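Here is a sequence together with a model predicted from it:
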Amino acid sequence: MYNINMFWFNGLTALTFVCFGTIFGIGLFLKANRIDAKLLKIMALNILFATWCYMGYVVDFLSLLFRQKNFINLNGEIGIISGIWLAIAIILAMHVGSELNFPKYKTQILLTYLFIGIIYEIFLIFDTEASLGFISPTDHSKMINFYINIFSPLGIIVVFYYLSLFGFLGLGFLFKGFNSKGILRRKYFYLALAEIIFIPTSFLELLPVPTIYFLITRPVLIVLPFLIYLGFREESNLKDISYRIEQKLFLLQHSSIEDFKSSFLRRASHELKTPLIPIKANLDYLLNEYSEPIAKGIKTRLNEILLGYNKLENVIQNFLLSLELDGNGIDLNRKSLNLSELIEKSIGNHQDLINIRNHEIKCKLGDKLIVFADKTRIQHVFDNLLTNSIKFTPSNGIIKIYSKRNPHYIRIFIEDNGIGLTEKEKGYLFQKFGKIERYGRGWDIISQGSGLGLFISKKIINAHGGKIWVHSEGRNKGSIFSFKLPHFKDK
């Protein structure tokens, strides 16, 4: 009944092309979405809509196959069903071409082709008779063939589209390939080959030629998605490779800088400590051993000098400790340690500062908070956390210190009603030099610090097999710092 010469070939190749393009395009899009490959996603959509340009042939083939007659084409529906996707496919192709070849002008290019695409759709839908030609069989023995009237407004736009594809993508990818090396060169050549083959092959099917030419064009068109895939499939891998190369270059460039910086800080810290020794000795002598009366004003000045000395010594110690922690690990002198006693001693040591700030300390600890830890190191951690709460809580604040325990860990909490922390601040608080700048904000707080305290605290707690946290609901909602250490198990 049917003309076997071209009916099955024409219909099955069109059906295969549309089905394959749809499955391939959707699968490629999903893969690109998983690996966050933007251009690959756009090319997947381009493949999808480009293959749908053969949807008219598929509809007519299925109509003949199941209804034994051609699809109704009174107003050029076969051509519209196919042609409506072309403008979308071209816009997507121009997006990729402009992104790779003319990124500075991408917006202007896309707006131009979007405007042309709207005009194209108007002519296709509302001027179909002048824009398209149809070869319709009278006995329903063949499929309807359609072509573009090249000299119609729609035909001129289509010719412009194909010239754009040749210039932007075909020659553009070829040029990029000649100017690239290695993997990129091969990929650009794949893409250039795909476009250079696609343009004349698909344009030939838009002309009023005998369907016998489909024996050449259809097999070629089915190969094109593979070439496009080869051009883009390793986009995510290239990003990973590029990232790793950048990281290695960065390390090579900065490793010597880091070594120099560490050496400089260590040397500078020791050099600064040397002149501090006689300063401290003379201050102690004048404040504690000098037998002659010292005027009140002079004594006040000496105490201010002593306070400045203590701050500078603390900064130097933090620098040296941070350098030690950046090395090969921490030497821990672990012994049975009662955290309750350590915390009470620390509170006593900070009492002068607590009184100056007029804070209320509420301490509620268990009786036997025994851990196996380095006393000096843990003392450093708690002193730092308590000092932060005292400094960053406005005057007349409340600081709560309490503990919790389970069969494996003891957890210490320092909770205040201070200025709190934002999510961004919490993100880098425990990093080296992760100091949060708070000058000039109008808060009644003490801002001085090196930005090393919490970094050091985290390193020390981690070395003990514990963990340190911070919780805050946001600005002016207080903070809760806590750390946990394993129970002491007497062997």
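It's in. Numbering: from 1, shown residues only.

just checking, I84 touches L124?
Yes. At 6.4 Å, I84 and L124 qualify as touching, with contact defined as Cβ atoms under 8 Å. For the C-beta atoms, the positions are set from N, CA and C on the backbone; glycine is no exception.

Those two: who's more crowded?
Shown here are I84 and L124; by other Cβ atoms under 10 Å, L124 has more neighbours (23 against 18).

What pLDDT is listed against the more buried one?
Confidence at L124, expressed as pLDDT, is 92.

what do you get for N417?
pLDDT at N417 comes out at 90.

if I read this right, it contacts T393, doesn't it?
Yes. At 6.4 Å, N417 counts as touching T393 under the criterion of Cβ under 8 Å.

Overlap of the contact sets of the two?
Both N417 and T393 are contacted by G478, under the criterion Cβ atoms under 8 Å, 6 or more residues apart in numbering.

who's more crowded, those two?
More crowded of N417 and T393, by other Cβ under 10 Å: T393, with 24 against 18.

Run a quick neighbour tally on the closest residue to the more buried one other than its chain neighbours.
Nearest residue to T393 in three dimensions, chain neighbours excluded: G418, at 3.4 Å (Cβ to Cβ, 6 or more residues apart in numbering). Using other Cβ under 10 Å, G418 is surrounded by 25 other residues.

Who are the contact partners of G418?
389, 392-394, 397, 445, 478-479.

so where is the stretch 51-200 of the chain shaky, pLDDT-wise?
For the stretch 51-200 of the chain, the stretches with pLDDT under 70 are 140-141, 182-184.

C363 contacts I343, correct?
Yes. The criterion here is Cβ under 8 Å, and C363 meets it with I343 at 7.1 Å.

got any residues that touch both of the two?
Common neighbours of C363 and I343 (Cβ under 8 Å, 6+ apart) are I401.

So for the residue of the chain positioned farthest from its centre, what pLDDT did the model give?
The C-alpha centroid of the chain is most remote from E292, which lies 67.4 Å away (Cα atoms, centre = their mean). pLDDT for E292: 74.

now swap in the one 4 residues further on and tell me
The model reports K296 with a pLDDT of 74.

got it, and F372?
Looking at F372, its pLDDT is 90.

That one - how many residues pack around it?
Neighbours of F372 under the rule other Cβ under 10 Å: 18.

quick one: contacts for the closest residue to it other than its chain neighbours?
Leaving out its chain neighbours, the residue that sits closest to F372 by Cβ to Cβ, 6+ apart is F488, at 4.4 Å. F488 makes contacts with 336-337, 370-372, as judged by Cβ under 8 Å, 6+ apart.

same deal with V470?
V470 is in contact with 421, 426, 429-430, 479-482, counting by Cβ under 8 Å, 6+ apart.

Please apply the same query to S479.
By Cβ under 8 Å, 6+ apart, the contact set of S479 is 389, 392, 415-416, 418, 420-421, 470-472.

Which ones among those residues map onto helices?
Counting by DSSP state H, the part of the contacts of S479 found in helices is S389.

so which of the contacts of S479 is the most crowded?
Counting neighbours by other Cβ under 10 Å, S389 leads these with 28 neighbours.

mind checking how far that one is from L332?
25 Å (Cβ to Cβ, to the nearest Å).

now G420
Noted for G420: a distance of 33 Å to L332, by Cβ to Cβ.

do N10 as well
Applying Cβ to Cβ, the value for N10 to L332 is 80 Å.

Comparing the two, which residue is more hemmed in?
N10 (22 against 15).

so what's L332 up against?
L332 neighbours (Cβ under 8 Å, 6+ apart): 373-374, 377, 463-464.

What is the nearest of those residues to L64?
Taking Cβ to Cβ as the measure, L64 lies nearest A463 of those, at 78.1 Å.

same for the helix or strand hosting T376, what does it pack against?
Using DSSP states H and E, T376 sits in helix 375-391. Packing partners of helix 375-391 (3 or more Cβ pairs under 8 Å, 6 or more residues apart in numbering; DSSP states H and E): strand 334-338, helix 339-349, helix 351-357, strand 398-405, strand 409-416, helix 453-463, strand 479-486.

try 7 Å
strand 334-338, helix 339-349, helix 351-357, strand 409-416, helix 453-463 (3 or more Cβ pairs under 7 Å, 6 or more residues apart in numbering; DSSP states H and E).

List the pairing partners of the shortest one within its sheet, with orientation.
In this case it means strand 334-338. Strand pairing for strand 334-338, determined by DSSP bridges: strand 370-374 (antiparallel).

okay, the partner strand in PDB with CA atoms only?
Extracted C-alpha coordinates of strand 370-374, given in PDB (Å, rounded to 0.1, in the frame of the first residue of the first chain):
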ATOM      1  CA  ILE A 370      37.900  14.600  85.700                       C
ATOM      2  CA  VAL A 371      39.600  14.400  82.300                       C
ATOM      3  CA  PHE A 372      43.000  13.200  81.100                       C
ATOM      4  CA  ALA A 373      44.500  16.400  79.700                       C
ATOM      5  CA  ASP A 374      47.400  18.800  79.700                       C
END
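
In terms of pLDDT, where does the nearest residue to N303 once chain neighbours are set aside sit?
Distances taken as Cβ to Cβ, 6+ apart put L287 closest to N303, at 7.3 Å, once the chain neighbours are dropped. Listed pLDDT for L287 reads 75.

which SS class is L287?
At L287 the chain is in helix, as set by DSSP: H, G, I helix; E, B strand; the rest coil.

if I look at it, how far off is G366?
39 Å.

Neighbour count for C363 and I343, which is higher?
Set C363 next to I343 and count neighbours by other Cβ under 10 Å: I343 wins out with 22 against 14.

Thank you kindly, that will do.
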